[in-house]
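Q: Fold the following.
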Amino acid sequence: MAKTGPSATATPADLELLTKFRRDLHGIPELSFDLPETVAYVRSVLDGLACEVTSPCESCVCAFFDVDAACGRPAGPATAIRADMDALPITERSGVAFRSTKPGHMHACGHDGHMAMALAAACWVDEELTAIRKRITAGRPADCPLPHNVLFVFQPAEETTGGAKNVCESGVFERYRADRIFGFHVWPDLPAGVVATRPGPLLARASETTLTINGVSSHIAKAANGRDALLAGAHFLTKVEALMAELSAEELCLLKFGHMTSGTVRNAISAESVIEGSLRVFSASMFDRAREGVRTCAQEACDTYGCTYDLHFSEGYPPVINDEALFDLARHALGGINAGAAGRVAEIGGSDIEQDEAAGAVRMSGDGLALIPSPLLIAEDFAFYQQHLPGLFFLLGTGTGIALHSDNFVMDERILLRGLATYRALLQTAAPRPRDVESSQ
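A: Reported below is the predicted structural model:
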């Protein structure tokens with residue numbers, strides 16, 4: 001159990017390593033699956049450790065530490081740690097000396113920090129296993145601090161198509177018998193270094209929603225000869241706003257449209273409107289209700305103005321639903337993780353979340369794991385892992401308030417020490433797993 005905050009275990013060498021990894025990776029941001037330099041960097045670190053490095057699917061790097069073999073134990077399951085590697089198509093304006101060397105690309109969502117924490121944790125596991133082997137070779141007792149094997153997963157395409165799904169389909173978790181997975185996202189609206197999460201729903205299912213309305217163009221002087229796709233689009237938007245107000249009163253959900261194009265010139269009735277937005281929900285039943293309601297709004301708007309339509313919902317990412325048993329394990333293992341965390345008790349909200357009033361304030365009880373009281377309406381492809389095996393996703397405060405995906409996004413690497421301390425504590429924690437509990441009944 002982590003009895004105190006990371007200051008008790010962190011060393012200047014830890015911070016130096018985290019800073020080096022993060023800044024090196026910050027300078028080489030790459031997009032989606034096209035990650036040759038990032039993959040090469042990650043592999044260059046892992047290849048020097050006593051682990052099995054594989055690439056189970058495109059642009060993915062995994063590192064397996066066989067702790068059981070090193071400790072002379074029967075082969076057992078593995079605990080997985082996930083980090084995302086891709087950056088964003090943003091021109092950096094942060095002003096840092098280690099800024100992006102790739103024009104138009106930037107690590108503006110903290111994935112460089114996520115990789116740094118995972119790489120530093122892998123180095124720590126390697127050090128622990130090296131010490132165990134030395135004690136065994138010297139004929140001395142070698143108590144193993146790691147109760148399970150460890151699998152690190154560095155994935156592509158979190159920002160685009162959901163690279164986590166490919167990892168799950170690769171069979172890597174079955175190969176290494178992984179039965180739990182942990183991950184982090186840095187979070188600007190939490191105080192610097194605060195580790196927070198919640199049991200159950202944490203982040204929303206996201207479905208990109210596109211409505212195309214087809215009308216008939218005519219000169220505005222003969223508007224009666226046309227079928228006004230612009231008016232139909234405006235009518236649709238007002239109806240959807242009323243629909244979502246009704247649905248969100250029953251269960252947390254959101255549908256907002258941020259982009260609309262319509263018409264060609266000012267004096268002609270629009271023949272086409274394209275309206276693009278995103279639907280966020282936490283349950284399959286609400287997803288179905290919202291889709292059906294949106295379709296009804298589109299049909300009514302088009303019937304009113306004599307138009308036709310095409311409505312498309314992407315598959316998107318599932319909701320991030322934290323395993324409650326893993327939450328309980330983490331709450332006990334991380335008893336002092338937030339010791340000395342700087343800053344006030346912050347409101348989770350702001351431009352990235354679209355949900356200030358529902359999210360409320362993060363709750364902290366002493367130095368323990370901070371609790372986010374309500375789910376957040378953003379999406380993350382970590383959800384695919386949680387459909388495959390029990391998982392727990394954490395948020396790590398940057399304390400800056402600078403929004404994710406901003407061209408001036410920055411973080412202080414000292415916050416990563418607390419993420420590293422979290423991984424260390426979790427990797428040293430043994431607890432009955434669901435399959436063990438079932439087998440004993």
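Q: hang on, Ala157 packs against Lys165?
A: No - counting by Cβ atoms under 8 Å, Ala157 does not reach Lys165; the two are 9.1 Å apart. Yep, even glycine has a C-beta here, placed from its N, CA and C like the rest.
Q: shared neighbours of these two, which are they?
A: Residues touching both Ala157 and Lys165 (Cβ atoms under 8 Å, 6 or more residues apart in numbering): Asp381.
Q: okay, those two: which has more neighbours?
A: With neighbours defined as other Cβ atoms under 10 Å, Ala157 and Lys165 compare such that Ala157 has more, 24 against 21.
Q: what's the nearest residue to the more buried one if we skip its chain neighbours?
A: Spatial nearest neighbour of Ala157, excluding adjacent residues (Cβ to Cβ, 6 or more residues apart in numbering): Gly163 at 3.3 Å.
Q: Just the pLDDT at the one you found, thanks.
A: Looking at Gly163, its pLDDT is 97.
Q: what do you get for the one 3 residues further on?
A: With respect to pLDDT, Asn166 scores 98.
Q: Assess the claim that it and Cys57 are in contact.
A: Yes - with contact defined as Cβ under 8 Å, Asn166 reaches Cys57; the gap is 4.5 Å.
Q: quick one: Pro156 and Cys60, what's the gap?
A: Using Cβ to Cβ, to the nearest Å, we find Pro156 at a distance of 6 Å from Cys60.
Q: Overlap in contacts, these two.
A: Counting by Cβ under 8 Å, 6+ apart, the residues touching both Pro156 and Cys60 are Gly163.
Q: Just the helices from the chain, written as ranges.
A: Here the chain has its helices, by DSSP state H, at 12-26, 36-46, 67-71, 111-137, 163-169, 172-175, 229-248, 284-305, 324-333, 356-359, 382-388, 416-427, 434-439.
Q: For these, give me a markdown table that also has distance to Glu272.
A: Converted to a markdown table, these look like this (distance: least, Cβ to Cβ, whole Å):
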| stretch | distance to Glu272 |
| --- | --- |
| helix 12-26 | 42 |
| helix 36-46 | 40 |
| helix 67-71 | 60 |
| helix 111-137 | 37 |
| helix 163-169 | 33 |
| helix 172-175 | 45 |
| helix 229-248 | 5 |
| helix 284-305 | 12 |
| helix 324-333 | 48 |
| helix 356-359 | 35 |
| helix 382-388 | 34 |
| helix 416-427 | 48 |
| helix 434-439 | 52 |
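Q: Relative to Ala268, which of the ones you listed is closest?
A: helix 229-248 (10.2 Å; Cβ to Cβ).
Q: Any idea how far the closest one is from the middle of the chain?
A: Counting by Cα atoms, centre = their mean, to the nearest Å, helix 229-248 is centred 30 Å from the centre of its parent chain.
Q: now do stretch 222-230
A: Centre-to-centre, stretch 222-230 and its host chain are 45 Å apart (Cα atoms, centre = their mean).
Q: mean confidence score for that stretch?
A: 98.
Q: Now do the buried residues in that stretch.
A: Buried residues in stretch 222-230, counted by 16 or more other Cβ atoms under 10 Å: Gly226, Arg227, Asp228, Ala229, Leu230.
Q: Run through who's touching that stretch.
A: Contacts for stretch 222-230 (Cβ under 8 Å, 6+ apart): 213-218, 262-263, 269-273, 305-307.
Q: neighbours around the nearest residue to Trp124 once chain neighbours are set aside, how many?
A: Spatial nearest neighbour of Trp124, excluding adjacent residues (Cβ to Cβ, 6+ apart): Arg424 at 6.1 Å. For Arg424, the count of nearby residues is 23 (other Cβ under 10 Å).
Q: Arg424 touches Ala121, doesn't it?
A: Yes - counting by Cβ under 8 Å, Ala121 is a contact partner of Arg424 at 6.8 Å.
Q: can you pull the contacts of the residue nearest the centre of the chain?
A: Ranked by distance to the mean C-alpha position of the chain (Cα atoms, centre = their mean), the top residue is Glu380 at 3.8 Å. Glu380 sits next to Glu158, His185, Leu203, Tyr317, Val320, Phe393 when contact means Cβ under 8 Å, 6+ apart.
Q: and it, how far is that from Leu417?
A: Distance of Glu380 to Leu417, computed by Cβ to Cβ: 23 Å.
Q: Confidence-wise, which helix or strand of the protein is lowest on average?
A: Ranking every helix and strand in the chain by mean pLDDT, DSSP states H and E puts helix 356-359 at the bottom, with a mean of 35.
Q: separation between the closest residue to Ser270 other than its chain neighbours and Ala298?
A: Spatial nearest neighbour of Ser270, chain neighbours left out: Gly263 (3.4 Å); criterion: Cβ to Cβ, 6+ apart. Taking Cβ to Cβ as the measure, Gly263 falls 18 Å from Ala298.
Q: the more surrounded of those two?
A: A direct count of neighbours by other Cβ under 10 Å for Gly263 and Ala298 places Ala298 higher, at 25 against 18.
Q: Distance check, Glu58 against Thr161.
A: Distance, Glu58 to Thr161, by Cβ to Cβ: 11 Å.
Q: Surely Asp407 touches His105?
A: No - using Cβ under 8 Å, Asp407 is not in contact with His105; the gap is 11.4 Å.
Q: overlap in contacts of the two?
A: Taking Cβ under 8 Å, 6+ apart as the contact rule, Asp407 and His105 both touch Ile90.
Q: neighbour-wise, which of the two wins?
A: Shown here are Asp407 and His105; by other Cβ under 10 Å, His105 has more neighbours (19 against 13).
Q: residues touching the more buried one, list them.
A: His105 makes contacts with Pro29, Glu30, Leu31, Ala87, Leu88, Pro89, Ile90, as judged by Cβ under 8 Å, 6+ apart.
Q: With respect to Gly72, which of those residues is nearest?
A: Glu30 (41.0 Å).
Q: Now the closest one: closest residue in space, sequence neighbours ignored.
A: Glu30's closest residue in space is Thr38 (Cβ to Cβ, 6+ apart), at 5.2 Å.
Q: what's near enough to touch that neighbour?
A: Leu25, Ile28, Pro29, Glu30, Met85, Asp86, Met115.
Q: Surely the last one and Gln155 touch.
A: When you say that, I think you mean Met115. No - with contact defined as Cβ under 8 Å, Met115 does not count as touching Gln155 (10.2 Å).
Q: more crowded one of those two?
A: For Met115 versus Gln155, neighbours defined as other Cβ under 10 Å are more numerous around Gln155 (29 against 25).
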